[in-house]
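# I would like to see how this sequence folds:
(chains A, B, C, D, E, F, G and H, ligands or ions: 10)
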Amino acid sequence: MEKKVFKRTGGLTDIPMRYCPGCGHGIIHRLVAEVIEELGVQKRTIGIAPVGCSVFADEYFNCDMIQPPHGRGPAVATGMKRIRPDCVVFSYQGDGDLASIGMAETVHAAARAENITIIFVNNAIYGMTGGQMAPTTLIGMKSTTSPFGRDVKRAGYPIRMCEFLAALDAPGYLVRVSVHKPANVMKAKKAVKKAFQVQMEGLGFSMVEIISQCPTDWFLTPLQAVEYVEKQMIPYYPLGEYKTPFKKEEGKKEAKDKIEVEFRTDFN
Amino acid sequence: MEKKVFKRTGGLTDIPMRYCPGCGHGIIHRLVAEVIEELGVQKRTIGIAPVGCSVFADEYFNCDMIQPPHGRGPAVATGMKRIRPDCVVFSYQGDGDLASIGMAETVHAAARAENITIIFVNNAIYGMTGGQMAPTTLIGMKSTTSPFGRDVKRAGYPIRMCEFLAALDAPGYLVRVSVHKPANVMKAKKAVKKAFQVQMEGLGFSMVEIISQCPTDWFLTPLQAVEYVEKQMIPYYPLGEYKTPFKKEEGKKEAKDKIEVEFRTDFN
Amino acid sequence: MTERILMKGNEALAEGAVRAGCRFFAGYPITPQNEIPEYMSWRLPEVGGTFIQAESEVAAINMIFGASACGARVMTSSSGPGISLKQEGISYIAGAEIPIFYADIMRGGPGLGNIAPAQGDYFQATRGGGHGDYRVIVFAPNSVIEMGNFPRICYELADKYRMPSMILADGLLGQMMEPIVYDFEPIDPKDFPEKDYLLGCTEGRERRVVRSYDLRPGYLEKNTLKLEKKFKSIEENEVRYDDTNMEGADLVMVAFGTASRVCKSAIPLAKEAGMKVGLLRPITLWPFPMKVLRQIADEVEHILVVEMNIGQMVEDVKLAVEGKSQVHFYGRPSGSVPVTEEIFEQVKMILKK
Amino acid sequence: MTERILMKGNEALAEGAVRAGCRFFAGYPITPQNEIPEYMSWRLPEVGGTFIQAESEVAAINMIFGASACGARVMTSSSGPGISLKQEGISYIAGAEIPIFYADIMRGGPGLGNIAPAQGDYFQATRGGGHGDYRVIVFAPNSVIEMGNFPRICYELADKYRMPSMILADGLLGQMMEPIVYDFEPIDPKDFPEKDYLLGCTEGRERRVVRSYDLRPGYLEKNTLKLEKKFKSIEENEVRYDDTNMEGADLVMVAFGTASRVCKSAIPLAKEAGMKVGLLRPITLWPFPMKVLRQIADEVEHILVVEMNIGQMVEDVKLAVEGKSQVHFYGRPSGSVPVTEEIFEQVKMILKK
Amino acid sequence: MSRIEVDEKRCKGCGLCVIACPFGVLDLSDKFSSTGYYPAVMVKPEKCTGCTLCALVCPDVAIEVYKETKKAGAEK
Amino acid sequence: MSRIEVDEKRCKGCGLCVIACPFGVLDLSDKFSSTGYYPAVMVKPEKCTGCTLCALVCPDVAIEVYKETKKAGAEK
Amino acid sequence: MYQGVIMSGFGGQGIVSAGILLANAGMIEDKYVTFFPAYGAEMRGGTANCSVVVSSEEVSSPVVARPDTVIVMNEPSLHRFESQLKPGGLMLINSSLVAAKPKREDIEIVFVDANTIAEKIGTLKVANMVMLGAYSKKTGAVNVDSLIKSLPKVYKKAKEDMLKKNQEALRKGMEEV
Amino acid sequence: MYQGVIMSGFGGQGIVSAGILLANAGMIEDKYVTFFPAYGAEMRGGTANCSVVVSSEEVSSPVVARPDTVIVMNEPSLHRFESQLKPGGLMLINSSLVAAKPKREDIEIVFVDANTIAEKIGTLKVANMVMLGAYSKKTGAVNVDSLIKSLPKVYKKAKEDMLKKNQEALRKGMEEV
Ligand SMILES: Cc1ncc(C[n+]2csc(CCOP(=O)(O)OP(=O)(O)O)c2C)c(N)n1
Ligand SMILES: Cc1ncc(C[n+]2csc(CCOP(=O)(O)OP(=O)(O)O)c2C)c(N)n1
Ligand code: SF4
Ligand code: SF4
Ligand code: SF4
Ligand code: SF4
Ligand code: SF4
Ligand code: SF4
Ligand SMILES: [Mg+2]
Ligand SMILES: [Mg+2]
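Residues are numbered from 1 along each chain as shown, chains lettered A, B, ... in the order given. Ligands and ions are numbered 1, 2, ... in the order given. As a prediction, this is how the structure comes out:
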């Protein structure tokens, strides 16, 4: 007999996604949707789409969705979660959205240990608007607003959000994963699941930073793009967990299903 | 013969300051003004007053001054410094100004290693507006918007800006000092001077966080307030240098006149 | 609270919102409205509500966007600079058709200005300081009683029309104390009627999306034309104003908020001096009482608009009057409050007595 | 560049600003104006200028505030949502009387809306979307040539009156390419006249303060009244408009930007059908061509206002006309661009032919 | 024998599945799909183990995977 | 002998100088100044060493300190 | 009847609560009342002042530009408000803390040794009530009984004993003028 | 004379530069021209299209709602723009990449095997020029010489050799129709 071992999750709607071929957003959408389905919270999950390529997320996730102003996902999430603590609230955001215009909202939601989950898609570029420099654009990387490559003298240093937010005192869960290879995708899913669980257990702010490929605005083919993730992005953005709730404090409960993220750096 | 061993610095105007009795702003003003005078840069210094009690700074500092919107000092400073790299640009900001509404501007100026100096007056309260909770208000501390004491469940955790910004990759100088006792005042001045020197040598973003007393909105006498700094504030906000330019990288020049800040924690 | 008690305008406003069912407030300190968040910070927890001191005005407006989309009666408040920062959010909320209520307790502008009472944000409030075609229902109280009692009406209209409503008051109304009685019993949020656009639990219904965008060619236009219809119906049905001494007036003053009180106090002086002077006080600034003004213009030669700015509402008055009366303007901008005698002087000058 | 070349509106605008002496640009990406920052990112370094991609629109407006206070010709640009976020900064800059130049390349609103061409930000631009009493000089180009050549005029007026000036254009004008010739030679910033309010080196002069506040009672009012005078003088002296086919017109269309092009293309159709139709195109939206419209109203029975919104400029037209002509409105809001035939239909309907 | 199904309406021919498959089962078609892309197709269907790696990386959730099971009852 | 001068127009009587002085030289006056504060005054002037600690903590920069020097030429 | 009063002194002298008490007293006498505190940056430096209007007519603006009465609780207040007082107006001065004298000659000046009296009652805190008592007697704007009746409304958390002392201070103030 | 053209295909097929070339050719013939690219989210998915107007009269809007001509460079473009074409309008189809045929019968359809021709010239990149050559011949909107003259202006960085190939492709395209 034949068994369907991989099927499209009901956490997504049926609408074909409008992302470019090879874009990481699609993979990440699926992971989040599967986690929502698997945790059995689909009927009480509210998603927040960003302003960015994945503004379309509000058509794809099969749950209630809201579309906030650029960068303000964490603020909108705060309002929702405080009113509906019984709901699972996640905000899906790009690097421009979360780390540039939305920096204050991100930092303060984290500092408030606001009990929400952020899916942070770091593709080192402004995808939606056509490839401008992001706060996470690598040094030397070209973009339409850093046509000669990002120059630290003029444009400063790329921001590593996980490391940065980990310097706050508020508890929470911070992890960086990627979706450029099957093994990484699997780990990414575990990270997403753990982040949602952290929220469901009321352990504070959780953020999954996902290094994602943007073939279009990197001016690469999809295959070149996943290699770029491996060779260029991950060395600057090391994968792993940066904060786990109450890791050090004895006596307080651990988030269950803790994942140990040990990423291979060899790639063939 | 009699010699004047302490005289009013010409870095300040003659106008009597309008701060409350015992307020730390006055001391900090003097330190900054003396440093400007001593470094011989008074004629080419531009100061940025905050929106906060020290909005009046534009009357007190004896140099060109600008008054930006609340929290946007670092952005205004960026515009000025890029146009006048020959000038010394400092932005004087409160904790509400810098760490709440201005968080994004602060973080990004630091990440850009923008070659400016920030005097960050952390008095753990919104002084100007009458004592509301600040992002640095201590846990349990009462304010007019945390009337039962700051509760981390609702209002989150106080932000330690030096530690936080130190987690960025950009080079710079980050130091925390206080002005509640003569010895601390002396160290604070050294820190301010070093910060200005870091700017003058083009070594990037420098910020001096100064723990300051606000007797009025702490509802304390001036003497109680300096004790509060010692007993409550400093334990949460440890004094010291958090980032010095190119400390670790050999071969690059050190900022001169490097101060070793070793603060006494005993106080009588 | 049927007993008259002395209350600060800002506190009356906050209490009025809570009594009207407000259960979520996010705001950021700014003078002269600080008593609102301060009051909310202890009052809301008392009724099981949520107070958040947001990191900024931008965050505050978006927090209430989220909270309202989840079903709470929400509020934010600020003064000029902060309201400016909220304009993007307000435009989104208007576009997404989510009800919110907010207050602008005006101070002197432009820029940092000062913290004295002013009326310089009239344009911003009535024309939509944000981008795109939208409107906000604007109430202009002129006493502490109205500060306390208008929030309920604002909430009702915001819900009815699914859009932002606001109170536009100067700092004086926020800071002063006057006796107040609430004209309504506290409302329990449990009694609100069901809304079919709220987010939360999808059990037994289709999933919902709250959004202000539509990239499909022509769709957003359709939506905006729907909004336009709504606005027209509000202009038809929700105008509120107050008039005094209109019978046979030779001159009608038009003023809102604090300016209207000062104008009113000039009426007896004028009467004594043998002049017939009336006062039209718009209570809703948008929708603006166009029709009644048009009627007045048919009968009265002189209209004197008094504002604590350099002339903003006067445009609406002129739009209504269409050149039929002479429209005069007297303004005290950026933190100055006119006194009775000044207004009387203006009246005398116009009527040349 | 005396040769005609094909250029995108946004790029023509950016190049025009650089040729007019712009040496500092701070902006944040948003469609449909991305070509402006993109162009600046390589063009400004070429001329020794500075380009910064700001972390947000709020940061951008404040960066140019600082840079202008230090003497640079500065620019920022955005579209609706971003311009909304800049309103607080613009109000400060207006209050501090610092010249800046910016562009709003409009898209469909309110909210996130869409990225198609629209004219929904007219109120925001002309009434000051920010708080307090202030104005911004608003130019409305309707071709790539004007996109490229107006920045110089904007800078000159901003400097002359020490205030913000802006270009308000819809996304179509930003995105399209047309032939362009610049009508001025590149200006070297070294040739700018000295300004006596700039910050920097105090050698040989008193220290200076740039600020928008004054807490001393009455002082801010005085300053605002000074601003008012300035605004009146601009309304007197700086109005610009364009008219076509006005001789004996039975109907005059009023439109700006792209809408004015479409209206113009309807004139021959009307002529063919035996109708006398003229077009008044305001080039400055503030100051608005009130006087000429008032004259037109004396002679012409029908005025048809065409906008890509639900009716904003039409208020200014009505203010000018004061009921003397019948004012009709035809609007296509939120991203729809009318076509020639539609306008002609409207004309026919009004003239009932 | 295991197999995959590619939803042609979703597949955008990015090729990520092709390199993800450890057994070289997949390649891109040389014919356009109705949406204008060269979709993934099984070129060595017999080698498919149903490992799902291809599906894991597919950005368009265009792949479903079927695995041969021993007992019929295993499928619910 | 060293001494300090308190600018009465600036002093707000906060008392920080009083506790800063290691020699108990200072105290607050019991008379209002023209600005309505009790200004700092030297109550044990003879003990002043000119150490400037009082001036260092004065928020209103109201204190200037004079120190006895040996040689007249030392002052420029 | 129209009485516009400004009360001014240090923060901590109970200026604001005295003003509210006066307004409350007017309210329970069914007069029109407004109370308007100095706010914001004006408060820096620990000063406090407020304006109260008690009137038989509707009150237009609670901002008292030309007060009928100024109650001066410390010296800086004297300098600040002397010029604003209406010609013929009343200045009530706490002579315990204010040594200086007004320069104007077109006003009525009454000194009250409020701190000394308050000290005798047992707490300096009621000096404000002494002044208010004097004010009510001098102007008749409100009845002292209304002030006393208002005490528990305004000082909601005050102990019985403290209320009594306030009451006593009000009466003592009346007797002083 | 008025010609509203839409060109559409994949990103990478040189749609935008071909459109600019056409507009430039019109410009140097002193016609009124506008060029308007698809922008923003419309670009997602690697598609590209643009509208060009070449006209003897001033051009009102560069948005071509009802094109006189559609140049179809790939199959999705066929489906997308078929319905917009004016009755009687011209559809130029790159038959190398487009297997499907338009369903409409009220339009003129011309197939050009552009990729094959381009390959023969030596690079697939000039398939766009083949189409443009065919277009100029069919419609006469611009002269092919103007297109050739415009080449160095539009392809500023192109090498001599590449310019030649473009030129050849334009001519070959003309010969096809
Ligand atoms: C206030 C505001 N500013 C700018 C924009 C334009 N904008 C849309 S998406 C975007 C950034 C997209 O980049 P990112 O967040 O990294 O998401 P991605 O598209 O890369 O997934 C910007 C700047 C906007 N819509 N609103
Ligand atoms: C946009 C805006 N929001 C709020 C305010 C009101 N405001 C003035 S000062 C201030 C904060 C003062 O606190 P802080 O920065 O800590 O300075 P401090 O007074 O304590 O020195 C606030 C919120 C404002 N002027 N502008
Ligand atoms: S532009 Fe980049 S991020 Fe956006 S859909 Fe395309 S590949 Fe994905
Ligand atoms: S309120 Fe606090 S910070 Fe402000 S001047 Fe007074 S003591 Fe200083
Ligand atoms: S299921 Fe495994 S073996 Fe089969 S095609 Fe996919 S990756 Fe290859
Ligand atoms: S990964 Fe998915 S979209 Fe990409 S080629 Fe394979 S099936 Fe198609
Ligand atoms: S100088 Fe030193 S000794 Fe003299 S008063 Fe000041 S602290 Fe005391
Ligand atoms: S520290 Fe300064 S202000 Fe304070 S009491 Fe001493 S001299 Fe006066
Ligand atoms: Mg991105
Ligand atoms: Mg503070």
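# ranges for the strands of chain E?
E:3-6, E:26-28, E:40-42, E:63-68 (DSSP state E).
# Just put those in TSV and tack on mean neighbour count and distance to B:Lys4.
The C-beta positions use only the backbone N, C-alpha and C, and glycine is treated the same way. Below are these laid out as TSV (neighbours: other C-beta atoms under 10 Å in any protein chain shown; distance: least, C-beta to C-beta, whole Å):
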stretch	mean neighbour count	distance to B:Lys4
strand E:3-6	20	88
strand E:26-28	19	85
strand E:40-42	21	85
strand E:63-68	20	84
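# Which one of those strands lies nearest to ligand 6?
The minimum distance between ligand 6 and those falls on strand E:40-42, with 3.7 Å, by C-beta to the nearest ligand atom.
# Tell me how far the residue nearest to E:Leu28 when sequence neighbours are not counted lies from ligand 2.
Leaving aside its sequence neighbours, E:Leu28 sits nearest to E:Tyr38 (C-beta to C-beta, 6 or more residues apart in numbering or on different chains; 4.6 Å). For E:Tyr38, the distance to ligand 2 equals 54 Å [C-beta to the nearest ligand atom, to the nearest Å].
# could you redo the strands of chain E as a markdown table and give each row distance to B:Gly94?
Output for the strands of chain E, formatted as a markdown table (distance: least, C-beta to C-beta, whole Å):
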| stretch | distance to B:Gly94 |
| --- | --- |
| strand E:3-6 | 59 |
| strand E:26-28 | 60 |
| strand E:40-42 | 58 |
| strand E:63-68 | 56 |
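# List phi and psi for the residue of the stretch 151-300 of chain C found nearest chain F.
Residue of the stretch 151-300 of chain C nearest chain F, by C-beta to the nearest C-beta: C:Gln175 (24.4 Å). Here is the backbone geometry of C:Gln175 (degrees, to the nearest 10): phi -90, psi -30.
# would you list every one of the strands in the stretch 51-200 of chain A?
Ranges of strands in the stretch 51-200 of chain A, per DSSP state E, counting those that start in this stretch, are A:64-66, A:88-94, A:117-122, A:125-126, A:132-133, A:172-178.
# With distance to ligand 1, mean neighbour count and mean pLDDT added, can I get these in a markdown table?
Converted to a markdown table, those look like this (distance: least, C-beta to the nearest ligand atom, whole Å; neighbours: other C-beta atoms under 10 Å in any protein chain shown; pLDDT from 0 to 100):
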| stretch | distance to ligand 1 | mean neighbour count | mean pLDDT |
| --- | --- | --- | --- |
| strand A:64-66 | 15 | 26 | 98 |
| strand A:88-94 | 2 | 29 | 98 |
| strand A:117-122 | 6 | 29 | 98 |
| strand A:125-126 | 4 | 29 | 98 |
| strand A:132-133 | 7 | 26 | 98 |
| strand A:172-178 | 15 | 27 | 97 |
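# what's the closest of these to H:Pro62?
strand A:132-133 (24.6 Å; C-beta to C-beta).
# and the closest one with chain D, contact?
Yes - against chain D, strand A:132-133 shows contacts by C-beta under 8 Å from any C-beta of the partner chain at A:132-133.
# So what are the sheet partners of that strand and their directions?
Within its sheet, and counting by DSSP bridges, strand A:132-133 is paired with strand A:125-126 (antiparallel).
# Next, work out how far apart C:Lys195 and D:Val18 are.
52 Å (C-beta to C-beta, to the nearest Å).
# more neighbours, the two?
Set C:Lys195 next to D:Val18 and count neighbours by other C-beta atoms under 10 Å in any protein chain shown: D:Val18 wins out with 23 against 13.
# Look up how far ligand 7 lies from that one.
Counting by C-beta to the nearest ligand atom - D:Val18 and ligand 7 are separated by 59 Å.
# Is that residue within a helix or a strand, and which one?
Secondary structure assignment for D:Val18, by DSSP states H and E: helix D:9-19.
# Show the subsequent helix or strand relative to that helix.
strand D:22-27.
# Check whether that following strand comes near ligand 1.
No - judged by C-beta under 6 Å from any ligand atom, strand D:22-27 makes no contact with ligand 1; its nearest approach is 9.9 Å.
# Identify the residues contacting C:Glu315.
D:315, D:319 (C-beta atoms under 8 Å, 6 or more residues apart in numbering or on different chains).
# give me every residue that touches the residue nearest to E:Leu28.
E:13, E:28-32.
# Which pLDDT value belongs to it?
pLDDT, E:Tyr38: 89.
# just G:Met162 next, same as before
The model's pLDDT for G:Met162 equals 95.
# count of neighbours near residue 58?
In the absence of a named chain, chain A is used. Other residues close to A:Asp58 by other C-beta under 10 Å number 24.
# let's do chain G instead
12.
# Please name every helix or strand in contact with the lowest-mean-pLDDT helix or strand in chain G.
When the helices and strands of chain G are scored by mean pLDDT, DSSP states H and E, helix G:75-81 comes last with a mean of 90. Secondary-structure packing of helix G:75-81 (3 or more C-beta pairs under 8 Å, 6 or more residues apart in numbering or on different chains; DSSP states H and E): strand G:2-10, strand G:47-55, strand G:69-72.
# and of these, who's closest to D:Gly274?
For these, the distance to D:Gly274 is smallest for strand G:47-55, at 70.0 Å, taking C-beta to C-beta.
# buried residues in that closest one?
G:47-55 (16 or more other C-beta atoms under 10 Å in any protein chain shown).
# Who are the packing partners of that strand?
strand G:2-10, helix G:15-28, strand G:32-37, helix G:75-81.
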